[in-house]
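**Student:** using only what follows, build the 3D model:
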Amino acid sequence: MPVRLKDIDETLRELLKTDEFSDYCPNGIQIEGKGEIKKIGTGVTACRALVEAAIKAKADLILVHHGYF
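**Tutor:** You can find the predicted model right below:
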């Protein structure tokens, strides 16, 4: 069952309370893609190898701890 990207973003912001602290880099969606998500790929750091693996796995969203900044 697909989930809207907006709903995932809102849920993560609420759970992680990203508005309650100052950070040295942006938090949240950095590169917006599909509006409806069926499959999520995860990794620690956004990098080419992770993006290529997500494409191969047909992921609709990549969720990482260290994004691009």
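**Student:** contacts only, for the most centrally placed residue in the chain.
**Tutor:** Among the residues of the chain, residue 63 comes closest to the average C-alpha position under CA atoms, centre = their mean, at 3.4 Å. The contact partners of residue 63, by CB atoms under 8 Å, 6 or more residues apart in numbering, come to 40, 41, 42, 43. Placement of C-beta: from N, CA and C, glycine included.
**Student:** does it belong to a helix or a strand, and which?
**Tutor:** strand 61-66 (DSSP states H and E).
**Student:** still on that earlier bit, in ChimeraX, how would I select the buried members of the contacts of residue 63?
**Tutor:** To isolate the buried ones among these in ChimeraX, judged by 16 or more other CB atoms under 10 Å, type:
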select :41,43
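**Student:** which ones among the contacts of residue 63 lie within strands?
**Tutor:** Here DSSP state E is the test, and these give 40, 41, 42, 43 as lying in strands.
**Student:** so the closest residue to the first one other than its chain neighbours versus residue 21, what's the distance?
**Tutor:** What it means is residue 40. Excluding the flanking residues, the one nearest residue 40 by CB to CB, 6 or more residues apart in numbering is residue 61, at 4.8 Å. Going from residue 61 to residue 21 by CB to CB, to the nearest Å gives 24 Å.
**Student:** what about those two, which has more around it?
**Tutor:** Shown here are residue 61 and residue 21; by other CB atoms under 10 Å, residue 61 has more neighbours (19 against 8).
**Student:** touching, that one and residue 34? I think so.
**Tutor:** Yes: in this structure, residue 61 is within contact of residue 34 by CB atoms under 8 Å, at 7.3 Å.
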